[in-house]
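Chemist: mind folding the following:
(2 chains)
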Amino acid sequence: MTLLAVRDLTVGIGGAVLVDGVSFTLDPGERLGLIGESGSGKSLTALAVLGLLPAGATVTGSITLDGRELVGLGDRRLSALRGRKLAMVFQEPRTALNPLMRVGRQVAEPLHHHGLLTRRAARTRAVDLLADVGLPDPAHTARAYPHQLSGGQLQRVGIAAALACGPALLLADEPTTALDVTVQAEILALLDRLVDEHGTALVFITHDMAVLARVARRVLVLGKGKVLEEGELDSVLRAPGHEYTRTLLTAARAASFRREA
Amino acid sequence: MLTASGLTRSFRLPRRSVFGPAAVRHAVRDVSLALAPGERLGVVGESGSGKSTLLRLLLALDRPDAGEVVFRGRPVRPGGGLGWFRREVQMVPQDPFGSLDPRMRVGDSVREPLECLAVPGDHTAKVAELLASVGLDADAASRYPHQFSGGQRQRIAIARALGPEPAVLLADEPFSALDVVVRAQVLALVQDLVDRLGLALVLVSHDIGVVQQLCDRVLVLKDGVAVEAGATADVLRAPEHPYTRALLDAVPRLPEV
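Modeler: Okay, the predicted model is just below:
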C-alpha cells in the first residue's frame, strides 16, 4: 500500500518551471532521500507536498497521501492534515520556531489544535515529547524561549513538534545543515531512532550524500527540477546511472574525510 | 614566518544581574602556533571554539588581551601602519555574498587592495591576470557581483586576496557556503594556487575532509583552547584527545561500495 504518491508534479513560479514532472512513491515507514544542489527543486517538491508553496506558484500533477489528493485542496483542509498526517522539520530551527512562545507550548500546539488533547493534557504530553527527543530536564526546558536554547536543542524541539501528533509522513529539509558535525551526528541518530519507533515514513532532503546515507535507504537524485535517477542507495553508490550523479559522487568523495589516510 | 604566542582574548558577557561581576568568556585562551613559509595549517573546531577569533587575532583585526603575533620577526599590532603586513598576509572570507561590495564592479573590487597597499605595477593588467588565474573570463571585471554564482564569487574573493602577492593566505571556512560540486572545484583551485605560488595557508574549517585534503598540520580548538596539534595524517589516524576523536567519529562518511 502506498502512503505518498507524487505523479508528474510540476511547479512554476513567475513563468519559470522549477519542478518539472517529478514522480515518486513512498510506502508507510519507508525512507527516501532527495538529493540535489541549490536550485534542483528538492525543497519546492517538499513544500508542494505540504501545500506550503509561496503565493503565485502554480502546481500541476498529483500528490496523494493515503489515496487523498492534496493538489488543489483548500487551505483549511490542508491545515487539518498538516501536523497531524504529515509534518516538516525545517533547516533553520531558529526561524522555524516562534521566538515569542515558550518551546513547550509550541510542541503542545499541534496536539491541541487538531483536537487530540485538551490544552492541559497537551502541555503534559509536550514535556514527555521533549524528553523523548533527548532534551535535558524537559519540564524546565518546556518553559524556555527559543533564544535560550542552542541550535541543536532547537532542532530537537522542532522534531518533537513535528512528531507530536504521530504523523504518517515526516519531511525534513536539510535539518542538520546549520549544525556542527557532532550535533549533526546526534540529530541524525535521533531522527533515525524516532522514525523507526513510530513507523513514520521519511522524506529527507539534503545536498550531502554522506548525510543521506545515514538515514535513507532509497535515493532520488534531482537536477534542474527533474528526477535524474532513482534507486536503492547501495546500487546508486555502486553504479550511478546518470552523469550528474557521478559528478555529485566524485565531488563528494574528493572533499570527504577518509579514515585510513 | 608567522608566529603567535600565548594568544588570549576574552569577551565580557551580558550581566545576569545588576549586582555581582559580569561573566567573562574566553574565546581564545593561550593559543600558540608557528607557520613556516609554504606550510599549511588547518584549524578545526565547532561553533564557539574560537576559530574565527583566532583568525581575527592573526590578522590583527582584533587586539589580544595577552600574547603576541609576530610576522617575519616584527610584532603585528592592530592599528595603523600595517601596510607591510597586509601586503604579505591576505584573507579569503567565508561568505562570498557578503564580502564583495555589490555596487562595485568586480574588477574594481579586485583592484582595490592593489591601490590601498600601493602595490607597484600596471593594475589593469594585473586584475586581468588575477581573474584569469582563478579561471574567470576577462570580461568578468566589468560585471557586478550579483551576476555571478557563489562559486564564481568565491573565485573573485580569492583573486582579490592574491593581488598583493602575499606569502600567507588566511581563509575562514572558504568552502562552507558552496554546493558539493562547486566546493570540489574551488577546493582544487585553492590547492593548485597554493602549490603553484608556494603560499603558506591557515585554513579555518569545521570540515575535516577539506583540512585533510589541503593541510600538512592541524590544530584542534575546543572552547578556545588548543587541545591537540600535529601533522594532519597523524592526528587524523590516531587522535589523542577525546574531543578530536568525537569530532572525527561524528563526520558523516560515504559508505564504501
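
Chemist: around chain A, pick out the residues from chain B.
Modeler: Proximity of chain B to chain A is confined to B:46-47, B:150, B:175, B:179-185, B:187-188, B:206-210, B:212-213, B:232-233, B:236-237, B:246-255, B:257 under the rule CB under 8 Å from any CB of the partner chain. Yep, even glycine has a C-beta here, placed from its N, CA and C like the rest.

Chemist: now which of those residues would you call buried?
Modeler: The neighbour count (16 or more other CB atoms under 10 Å in any protein chain shown) marks B:46, B:150, B:175, B:179-185, B:187, B:206-210, B:212-213, B:232, B:236, B:247-248, B:250-254 as buried among the residues of chain B next to chain A.

Chemist: can you give me the strands for the chain?
Modeler: Chain wasn't specified; assuming chain A. A:4-13, A:16-26, A:31-35, A:57-65, A:68-69, A:86-89, A:169-173, A:201-206, A:218-223, A:226-232 (DSSP state E).

Chemist: my bad, chain B
Modeler: B:2-12, B:24-35, B:40-44, B:66-71, B:74-76, B:89-92, B:168-172, B:200-205, B:217-222, B:225-231.

Chemist: all helices for the stretch 101-250 of chain B, in order.
Modeler: In the stretch 101-250 of chain B, the helices defined using DSSP state H, counting those that start in this stretch lie at B:106-116, B:123-133, B:150-162, B:180-197, B:208-214, B:232-237, B:242-250.

Chemist: find the nearest non-adjacent residue to residue 100, please.
Modeler: Using chain A here. Spatial nearest neighbour of A:Leu100, chain neighbours left out: A:Tyr145 (7.5 Å); criterion: CB to CB, 6 or more residues apart in numbering or on different chains.

Chemist: chain B, not that one
Modeler: What sits nearest to B:Leu100 in space, not counting adjacent residues and going by CB to CB, 6+ apart, is B:Pro145, at 4.3 Å.

Chemist: need the pLDDT of the one you found.
Modeler: Looking at B:Pro145, its pLDDT reads 90.

Chemist: also the one 10 residues further on?
Modeler: At B:Arg155 the predicted local confidence, pLDDT, stands at 92.

Chemist: equivalent analysis for B:Gln185, please.
Modeler: On the pLDDT scale, B:Gln185 gets 87.

Chemist: for B:Ala60, see how far away it is.
Modeler: Distance, B:Gln185 to B:Ala60, by CB to CB, to the nearest Å: 32 Å.

Chemist: what does A:Ala210 give?
Modeler: Per CB to CB, A:Ala210 is found 37 Å from B:Ala60.

Chemist: just B:Val218 next, same as before
Modeler: When B:Val218 is compared with B:Ala60 (using CB to CB), they lie 23 Å apart.

Chemist: and what of A:Arg156?
Modeler: Going from A:Arg156 to B:Ala60 by CB to CB gives 40 Å.

Chemist: ok, those two, which is more surrounded?
Modeler: Comparing A:Arg156 with B:Ala60 by other CB atoms under 10 Å in any protein chain shown, the one with more neighbours is A:Arg156, at 25 against 19.

Chemist: for the more buried one, which non-adjacent residue is spatially closest?
Modeler: A:Val133 (4.2 Å).

Chemist: how about B:Gly6?
Modeler: B:Gly67 (3.7 Å).

Chemist: OK, contacts around the one you found?
Modeler: Applying CB atoms under 8 Å, 6 or more residues apart in numbering or on different chains to B:Gly67 gives the contacts B:4-8, B:30-32, B:57.

Chemist: and if you look at B:Val24?
Modeler: B:Val24 touches B:10-13, counting by CB under 8 Å, 6+ apart.

Chemist: one more time with 6 Å
Modeler: Contact analysis of B:Val24 by CB atoms under 6 Å, 6 or more residues apart in numbering or on different chains lists B:10, B:12.

Chemist: bridge partners for it, pull those for me.
Modeler: B:Arg12 (DSSP bridges).

Chemist: show the pLDDT at it.
Modeler: 80.

Chemist: how far away is it from B:Arg56?
Modeler: Computed as CB to CB, the B:Val24 to B:Arg56 distance reads 18 Å.

Chemist: before we move on, what about B:Leu254?
Modeler: The gap separating B:Leu254 from B:Arg56 is 34 Å, by CB to CB.

Chemist: so for chain B, the centremost residue is which one?
Modeler: A centroid search over chain B (CA atoms, centre = their mean) returns B:Ala171, at 1.7 Å, as the residue closest to the centre.

Chemist: residues contacting the closest residue to it other than its chain neighbours?
Modeler: With sequence-adjacent residues excluded and distances taken as CB to CB, 6+ apart, B:Ala171 is closest to B:Val92, at 4.1 Å. Residues in contact with B:Val92 (CB under 6 Å, 6+ apart) are B:157-158, B:161, B:171, B:174.

Chemist: flag the shaky bits of chain B, pLDDT-wise.
Modeler: Applying pLDDT under 70 to chain B flags residues B:16-18.

Chemist: 80 instead, please
Modeler: Where chain B drops to pLDDT under 80, the residues are B:13-23, B:80, B:95-98, B:177, B:256-257.

Chemist: B:Ala128 versus the nearest residue to B:Gly107 once chain neighbours are set aside, what's the distance?
Modeler: Nearest residue to B:Gly107, sequence neighbours excluded (CB to CB, 6+ apart): B:Ala141, at 2.9 Å. Using CB to CB, B:Ala141 is found at 7 Å from B:Ala128.

Chemist: the residue nearest to A:Arg156 and A:Ala160 touch, don't they?
Modeler: Yes - with contacts counted by CB atoms under 6 Å, A:Val133 reaches A:Ala160, the gap being 4.5 Å.

Chemist: and those two? which has more neighbours close in?
Modeler: For A:Val133 and A:Ala160, the more surrounded residue by other CB under 10 Å is A:Ala160, and the numbers stand at 29 against 23.

Chemist: wait, what's in contact with that one?
Modeler: A:Ala160 makes contact with A:107, A:129-130, A:133, according to CB under 6 Å, 6+ apart.

Chemist: tell me the one of those residues nearest chain B?
Modeler: Distances from chain B to those, taken as CB to the nearest CB, are shortest for A:Val133 (18.3 Å).

Chemist: roughly how far apart are that closest one and A:Arg125?
Modeler: 13 Å.

Chemist: who touches stretch A:146-153?
Modeler: A:97, A:99, A:154, A:178-179, A:183.

Chemist: pLDDT check: weakest of those residues?
Modeler: Minimum confidence in the contacts of stretch A:146-153 sits at A:Ala178, scoring 80.

Chemist: tell me the phi and psi of that one?
Modeler: phi -90, psi 0 (degrees, to the nearest 10).

Chemist: what count of nearby residues applies to it?
Modeler: Using other CB under 10 Å, A:Ala178 has 19 neighbouring residues.

Chemist: do the same with A:Glu92
Modeler: 16.

Chemist: residues contacting the residue of the stretch 1-150 of chain A found nearest chain B?
Modeler: Here the stretch 1-150 of chain A gets closest to chain B at one residue, A:Glu37, 4.3 Å apart by CB to the nearest CB. Shown in contact with A:Glu37 (CB under 6 Å, 6+ apart): A:207, B:179.

Chemist: repeat that for 10 Å
Modeler: For A:Glu37, the contacting residues are A:207, A:222-224, A:244, A:247-248, A:251, B:178-182, by CB atoms under 10 Å, 6 or more residues apart in numbering or on different chains.
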